[in-house]
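> Build me a model from this:
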Amino acid sequence: MHHSHLTRRHFLKHSAFLAGAGAAARFMPSGLRAANAAAATAGPVRPLPPAPTAIPTPPGWGVMDGPFQPNFESLTAGYRMPDWFRDAKFGMWAHWGPQCVPEQGDWYAKNMYIESHAIHKFHIEKYGHPSKFGFKDVCHLFKAERWDPEHLIGLYKRAGAKYFMCMANHHDNFDNFDSTYQPWNSVAIGPKRSLVGGWEKAVRAAGLKFAISSHGDRAWSWYQEAQLADTTGPMAGVPYDGQMTKADGKGLWWEGLDPQDYYAQYHRPGEYKWNFAGTPPVDPAFSEKFFNRTIDLINKHSPDLLYFDDSVLPHYPTNDIGLRIAAYLYNHNFKRNRGSLDVVLTGKDLNEAQSRALVMDIERGGAGAIRAEPWQTDTCIGSWHYHIKHLTNHDYKNARDIARMLVDNVSKNGNLMLNIPLPGHGEPDSDELAIIADFTTWMDRNNSGIYATRPWRVFGEGSTAPAAGNGIGKRAGGPAPTFTARDIRFMQKGDTLFAFVMDWPADGKLVISSLATGAATGVGNVERIELIGVNAPLAFTRDAAGLNVTLPAQKVGSYVYGFKISGRGLTTPAA
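Residues are numbered from 1 along each chain as shown. The predicted model follows:
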């Protein structure tokens, strides 16, 4: 990813952390080393907490008979993209967990332990010092008391979503389901119920495909600041709670739980890339625990799509847990469907060969051209985790920009997965509900030109920039594209060509140059053109400049205008 600010991945890749251990300073960039110099010389190195007790697995755990083996040769040879994913085009997501409770946005559980970060100050003022009230204690406040999954899934289905994704866990390491191998989970703590289970019941009852995202393989490196202590002020030198032990919980609400099952900070601080290569080496037991949690998740919920927030696969290629999970998921689905495969597994930063075994996911980004293999953007109308500032400032991304990104993706063989962040209580705010309602109106009119379509001869004309990059309406590496009536995106279905125009021509004349007579893309006869949802033909002419369409005097709709073009030979056989 090429964002102008520090991304999650680059932050971990280029940063290291210190917890009162001078020897660890060699892993630190100079800026962080200077910022934590006081901690490096504060005193003797604290003893490490013991590793958490491993929960045993039954014989044969994590191995499923079937045609898929844990290597890319086998995965590529046997995988076929299910039609449901290619046809769905649009999914919605609840990137929701305990980090939504403070309503302060992304990476709260990490940033609250960074002394210089504004969230550190916020946390102390709202909850207390991290030595006494750490993120584990925020999990205790997560109640989901206003969460109504049946109602929400009804809204999302009405908005046009064909699949819905919930979050099993985030980097904070809390499992939102009845997890056998992570004691810090939503059944034991906080909501006291399986959130994944509740979502699944509502999704399957609504006839949608059920997707789950998993981000829970990060804690080892992600929580390293929780080993630190303030360097100034009244709590200087008092360690945060990241290296607490099970014994420290005596008489407290979390008595009997081991914080190291949650924080995984029973190691000296180090520097780690996103694939978990680093020093000191990651404990294999930590990786295997994530493997066990994921197999447990698959067994209990049989997702139709499993999303990983990883380059390629979890810990790939540092160890093999990601490949083993992939083979297990495919074999599990193959067996469940009696010899056919209809599951999707997403990964990021895939090469061409890997894109034939997994589905490429582009976080907050798009594609510049038609991709040979189907792919997906995951993005959000605001912060990934709920941030109250977007409601206060009324600055969520709007329904027009969502529609623009959707048609841009679909024209290039992609899908859109849209997150509507929920507060900790589980109910969308008023601005979010208004955006959903607005987009629902657009989707009601235009969905026939979206679902089950395939890319045309070219994806479009006008701007070649993705409709969004670092957030809807923005593009990594440059300003947001300024779309005009010359920006058009194409898709086809059967004998019908669809054209989506990003803006309404001010002069009431639409020109589609890709359909000019004599143009390489202009093969075929245009016999009729109409606005999608309006069963009335529009007047047109066709010449060497393009297909020239006379539009109604009044706009039909508010943004991103869809046209249905019929005729002989206008479409090509879809792959």
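> Strands along the stretch 51-200 of the chain, start to end?
90-94, 163-169 (DSSP state E, counting those that start in this stretch).
> Direction included, what does the first one pair up with?
Read it as strand 90-94. strand 163-169 (parallel), strand 414-419 (parallel) (DSSP bridges).
> ok, residues contacting that strand?
If you take Cβ atoms under 8 Å, 6 or more residues apart in numbering as the criterion, strand 90-94 is touched by 152, 156, 159-167, 199, 209, 211, 213, 305, 376, 378, 406, 415-422, 443, 450. Where you see a C-beta, it was placed from the backbone N, CA and C, and this is true even at glycine.
> and Val556, how many residues sit next to it?
Val556: 15 surrounding residues under other Cβ atoms under 10 Å.
> Pull the contacting residues for the nearest residue to it once chain neighbours are set aside.
Spatially, and ignoring its direct neighbours in sequence, Val556 is nearest to Leu531 (5.1 Å; Cβ to Cβ, 6 or more residues apart in numbering). With contact taken as Cβ under 8 Å, 6+ apart, Leu531 is in contact with Leu538, Pro552, Val556, Gly557, Tyr561, Gly562, Phe563, Lys564.
> For Leu531, give me the pLDDT.
Per-residue confidence (pLDDT) for Leu531: 97.
> Now the terminal residues of stretch 199-211, how far apart.
10 Å (Cα to Cα, to the nearest Å).
> Name the residues of it that come out as buried.
The neighbour-count check on stretch 199-211 (16 or more other Cβ atoms under 10 Å) flags Trp199, Glu200, Ala202, Val203, Ala206, Leu208, Lys209, Phe210, Ala211 as buried.
> Then stretch 376-396?
376-387, 390-391, 396.
> ok, so of those residues, who is nearest Lys132?
Checking the buried residues of stretch 376-396 against Lys132 with Cβ to Cβ, the nearest one is His385 at 23.2 Å.
> Confidence-wise, which helix or strand of the protein is lowest on average?
helix 30-35 (a mean of 33; mean pLDDT, DSSP states H and E).
> picking up where we left off before, narrow the contacts of strand 90-94 to those that are buried.
Counted by 16+ other Cβ under 10 Å, the contacts of strand 90-94 give 152, 156, 159-167, 199, 209, 211, 213, 305, 376, 378, 406, 415-422, 443, 450 as buried.
> Let me see the contact set for the residue nearest the centre of the chain.
Closest to where the C-alpha atoms of the chain average out (Cα atoms, centre = their mean) is Asp378, at 4.6 Å. Residues counted as contacts of Asp378 (Cβ under 8 Å, 6+ apart) are Trp93, Tyr307, Asp361, Ile362, Glu363, Arg364, Met417, Asn419.
> redo that, cut-off 7 Å
Asp378 is in contact with Trp93, Asp361, Glu363, Met417, counting by Cβ atoms under 7 Å, 6 or more residues apart in numbering.
> quick one: what helix or strand has Glu392 in it?
Quick fix: residue 392 reads Thr, not Glu. Element membership for Thr392, per DSSP states H and E: helix 389-393.
> Then Gly347?
Going by DSSP H and E, Gly347 is part of strand 344-348.
> Residues touching that strand, excluding its own?
82, 85, 304-308, 310-313, 326, 329, 354, 358-359, 361, 363, 376.
> got it, and stretch 415-435?
88-96, 100-101, 103, 142-147, 165, 376-386, 391, 394, 396, 398-399, 402, 405-406, 409, 436.
> would you turn the buried residues of stretch 199-211 into a markdown table with secondary structure and distance to Gly322?
Shown next, in a markdown table, are these (DSSP: H, G, I helix; E, B strand; the rest coil; distance: Cβ to Cβ, whole Å):
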| residue | secondary structure | distance to Gly322 |
| --- | --- | --- |
| Trp199 | helix | 24 |
| Glu200 | helix | 23 |
| Ala202 | helix | 29 |
| Val203 | helix | 25 |
| Ala206 | coil | 31 |
| Leu208 | coil | 27 |
| Lys209 | strand | 22 |
| Phe210 | strand | 21 |
| Ala211 | strand | 18 |
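> Sort out which one of the residues you listed lies nearest Asn292 for me.
Minimum distance to Asn292 across the buried residues of stretch 199-211 is 20.1 Å, recorded for Glu200 (Cβ to Cβ).
> For the closest one, which residues are in contact?
By Cβ under 7 Å, 6+ apart, the neighbours of Glu200 are Phe210, His301.
> For Leu570, see how far away it is.
In this structure, Glu200 and Leu570 are 42 Å apart, going by Cβ to Cβ, to the nearest Å.
> what's the answer for Asn331, then?
Asn331 is 42 Å from Leu570, by Cβ to Cβ.
> And for Tyr328?
Counting by Cβ to Cβ - Tyr328 and Leu570 are separated by 44 Å.
> go on, Pro269?
61 Å.
> Those two - which one has more neighbours?
In this view Pro269 and Leu570 are compared by other Cβ under 10 Å, and Pro269 has more residues nearby, 24 against 20.
> Need the per-residue pLDDT for the more buried one.
95.
> Sketch out the low-pLDDT regions of this structure for me.
1-44, 465-481, 574-575 (pLDDT under 70).
> Domain parsing of it, as residue ranges.
The record's domain split for the chain, according to automatic domain parsing, is 8-363, 366-575.
> can you confirm Asp309 is in a helix?
No - under DSSP: H, G, I helix; E, B strand; the rest coil, Asp309 sits outside any helix and is assigned strand.
> since we're on it, how many residues are nearby?
So Asp309, with other Cβ under 10 Å, has 24 neighbours.
> just His129 next, same as before
Neighbours around His129, by other Cβ under 10 Å: 17.
> ok, and the closest non-adjacent residue to it?
Using Cβ to Cβ, 6+ apart, the nearest residue to His129 is Met235, at 5.3 Å.
> how much space between the one you found and Tyr127?
14 Å.
> what sits against Lys335?
For Lys335, counting by Cβ under 7 Å, 6+ apart, the contacting residues are Met64, Gly66.
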